[in-house]
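1. Following is a predicted model, sequence given first.
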Amino acid sequence: MADEDEDVALPGSEGEAPIDFTTFVLSLSTSCMIQLGEMADPDGTTRIDLAQARSTIEILEMLDRKTEGRLTGEEDRMLSHVLADLRARYLARWSAR
């Protein structure tokens, strides 16, 4: 078994760049946009799931709290922008229901 601190490459990841913080946040943002019905999901369906969108936003808020003072300026601005945008879109969907 690998040490807990050791990165283990999973099969199928050959030639792909490792995920970084920005890619992770943008992935969560894309998931939330799908949950808000702002984008189609991978099968082309558009649907709104406000409960899941709220959970995704809460995950991003937790990341914001837990990484306070540990991000680069660019990462911090990106996360703040993503959170502000998703919160506004969520509130618009919530009030339109």
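-> Arrived safely, thanks for sending. These numbers come from a predicted model, not from an experiment.
2. in this structure, which segments are predicted with low confidence?
-> Within the chain, the segments meeting pLDDT under 70 span 1-6.
3. which residue is nearest the middle of it?
-> Nearest to the mean C-alpha position of the chain, by CA atoms, centre = their mean, lies L28 at 1.6 Å.
4. What helices and strands are in contact with whichever helix or strand that residue is part of?
-> Using DSSP states H and E, L28 sits within helix 21-35. Under the contact definition 3 or more CB pairs under 8 Å, 6 or more residues apart in numbering; DSSP states H and E, helix 21-35 sits against helix 50-66, helix 73-96. C-beta here means a position set from N, CA and C on the backbone, and glycine is covered the same way.
5. Going by neighbour count, which residues of that helix are buried?
-> Neighbour counts over helix 21-35 (16 or more other CB atoms under 10 Å) mark F21, V25, L28, S29, S31, C32, M33, I34, Q35 as buried.
6. Might one say that the fifth one is in contact with I57?
-> Which is S31. No: taking contacts as CB atoms under 8 Å, S31 lies outside contact range of I57: 10.5 Å.
7. okay, the buried residues of helix 21-35 in CSV with distance to L10 next?
-> Below are those laid out as CSV (distance: CB to CB, whole Å):
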residue, distance to L10
F21, 19
V25, 21
L28, 20
S29, 23
S31, 20
C32, 25
M33, 26
I34, 24
Q35, 26
